[in-house]
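**Q** following is a predicted model, sequence given first.
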Amino acid sequence: MREKAVNSLERLQAVLDVFTEERLEWTPEELMEELGYSRPTLYRYLKILKDRGFLTSMPNMGFTLGPRVVEMDYLLRKSDRLILSGAPYLQKLTARYECTALLVRWYGEKILCVDSLSSTHEAISSYPRGRPMPLSRGAIGRSIVAFLPRRNLVPLIGRTLDEWQAAGVGDTVEAVLEALKSVRKTGYAVAHGEVTPGVTGFAAPVFDAGQSPIASFSVTIARDRVHGSLVEEIGGDVRAAAGEISAALVSHRHRV
């Protein structure tokens, strides 16, 4: 009975998983074709999700994500220890530099911004809060991947090698590993214009007592403002902020 319930939950969740930036609206017929569900099964799931506010629809239109998602996002902001611990450092770094500072969470094999603050007229980032970022391009992905245990890192690179090749990091798993060594050595990653043209990104890993990073603290700044010793200065500030956020998360975990 429990196995059947778990299977039903996974199938229900799969309905939500089809909503992406590339595909924001689905008709029931499209969902049936995409998911392979029977009409009665699909309509039962759609009713559950709509009644609970996870989906919404208008007459003669498809389904889109609903207001319950926004409500849960508000609760996330109020409860996520990463956001709460990182907020002072977003303020600190944006006060010190004309930049955009970001907290980026790692989950599964995705990275996405969960909070950010900018001291520029326009945020210097192509990936606003909630939009998944590329894993292999830019400082943020490398600041996380470089610090994964080798037993997790090697298979991950193997599965995504074409992305690392396209980003010019390396053509083989060993070449990518070698390129990531400098990130582990300095404690932070730097990338120039790889994700957003004309922008330099700095990022360092955030831990919460485990061996693998759970997030990254990052600063993006106009490339023409980054020169000489300022690269090491900003990199050091980002690394220090990530370290202090990590310490705050560990401290909270021990208190709990």
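**A** Everything's here; your move.

**Q** can we go C-alpha only for contacts and neighbour counts from here?
**A** Fine.

**Q** low-confidence bits of the stretch 1-150 of the chain, can you list those?
**A** Under the criterion pLDDT under 70, the flagged ranges of the stretch 1-150 of the chain are 1-6, 122-126.

**Q** now the helices for it?
**A** 2-17, 28-35, 39-51, 67-79, 81-96, 139-145, 150-159 (DSSP state H, counting those that start in this stretch).

**Q** and the contacts of the shortest one?
**A** In this structure, residues lying in contact with helix 139-145 by C-alpha atoms under 8 Å, 6 or more residues apart in numbering are 104, 106, 111, 133-136, 153, 180, 183, 187-191, 201-205, 213-218.

**Q** wait, what's in contact with the most centrally placed residue in the chain?
**A** With distances taken as C-alpha atoms, centre = their mean, residue 112 lies nearest the centre of the chain, 1.8 Å away. Under the criterion of C-alpha under 8 Å, 6+ apart, the neighbours of residue 112 are 104-106, 127, 129-133.

**Q** ditto for residue 149
**A** 211-212.

**Q** how about the residue nearest to the centre of the chain, nearest residue that isn't a chain neighbour?
**A** residue 132 (4.4 Å; C-alpha to C-alpha, 6 or more residues apart in numbering).

**Q** ditto for residue 27
**A** residue 62 (4.2 Å).

**Q** what's the local residue count around that neighbour?
**A** For residue 62, the count of nearby residues is 16 (other C-alpha atoms under 10 Å).

**Q** can you give me the distance of it to residue 139?
**A** Distance, residue 62 to residue 139, using C-alpha to C-alpha, to the nearest Å: 38 Å.
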